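Student: Compute the structure for the input listed below.
(one chain, ligands or ions: 2)
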Amino acid sequence: MSFDAVKIGLVSVSDRASAGVYQDQGIPSLKTWLQAALLNPIEFVEILIPDEQADIENALKKLADEHHCNLICTTGGTGPAKRDVTPEATLAVANKEMPGFGEQMRQISLHFVPTAILSRQVAVIRGESLIINLPGQPKAIAETLEGLKDKEGNSLVKGIFAAVPYCIDLIGGPYLETNPEVINAFRPKSAIRKPAQGNA
Ligand SMILES: Nc1ncnc2c1ncn2[C@@H]1O[C@H](COP(=O)(O)OP(=O)(O)OP(=O)(O)O)[C@@H](O)[C@H]1O
Ligand SMILES: Nc1nc2c(c(=O)[nH]1)N[C@H]1C(S)=C(S)[C@@H](COP(=O)(O)O)O[C@H]1N2
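Tutor: Ligands and ions are numbered 1, 2, ... in the order given. Just a heads-up that it's a prediction; the model follows:
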């Protein structure tokens, strides 16, 4: 069985990582999680930038309009601090807002930290790209994408990635399939693609 290829843009927004004060862990954490979660072959396009609204907007436009990324994940710059402007940049390049992603991420994160409500993360559609903001703490990436599980690995609070494959279907992207040990994608029955009938 073959899987559609997917192109994913990764944007790490961090003053200190982009200045070399510390090594960026945002992009490696995103890549590690996405490679474990998706069965599709992935082409990543990576950008590390400081917390500057114009830089973030340019990065998002480039990934959506020139690279035609199906999914774009940002990490960092979602909080209340003066230089946190990732949600403003994301909304500035949006065709459509997808408020459910931010609402669900804050719900999930409350199970990990009481400061979850300080993240102003948003998700939007630009063209044929779904853009999702994730918080900057590297551990927050897996927490929000995957959700909360018990010791046996049963899902207690669903991660937002459960809704990403169907969202990508609806905007005309590739058919994403996930590793159920990491995350179960949900699609309405009518949208589930049957495995191709082989001759063997
Ligand atoms: N890209 C990153 N790589 C490694 N660690 C990070 C990264 N972004 C954030 N962190 C860690 O998470 C903490 C909280 O993230 P936050 O986004 O609030 O950082 P910040 O104070 O805005 O600083 P900066 O933009 O310089 O990363 C940081 O203090 C840092 O320890
Ligand atoms: N899952 C999860 N969400 C989280 C956190 C976290 O550690 N885990 N940190 C919170 C904190 S302390 C802040 S200030 C906000 C914003 O973080 P950012 O500015 O790094 O994007 O995300 C919040 N959401």
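Student: Please give the centre-to-centre distance between the helix or strand harbouring residue 108 and its chain.
Tutor: For residue 108, the host element (DSSP states H and E) is helix 99-110. From the chain centre to the centre of helix 99-110 is a distance of 13 Å (C-alpha atoms, centre = their mean, to the nearest Å).
Student: what about that helix, near ligand 2?
Tutor: Yes. Judged by C-beta under 6 Å from any ligand atom, helix 99-110 comes into contact with ligand 2 at residue 109. The way it works is simple: take the backbone N, C-alpha and C, and place the C-beta from them, glycine included.
Student: repeat for stretch 26-34
Tutor: No. Counting by C-beta under 6 Å from any ligand atom, ligand 2 is not contacted by stretch 26-34; separation bottoms out at 9.3 Å.
Student: could you give the mean pLDDT of that stretch?
Tutor: Stretch 26-34 shows a mean pLDDT of 98.
Student: Contacts for it next, please.
Tutor: Stretch 26-34 is contacted from outside by 8, 10, 12-14, 17, 42, 44, 46, 48, 73, 75-76, 134, 136, 138-139, 141-142, 145-146, 182, using C-beta atoms under 8 Å, 6 or more residues apart in numbering.
Student: rerun at 10 Å
Tutor: For stretch 26-34, the surrounding residues in contact (C-beta atoms under 10 Å, 6 or more residues apart in numbering) are 6, 8-14, 17, 25, 40, 42, 44, 46-48, 71, 73-76, 134-146, 159, 161, 182-183.
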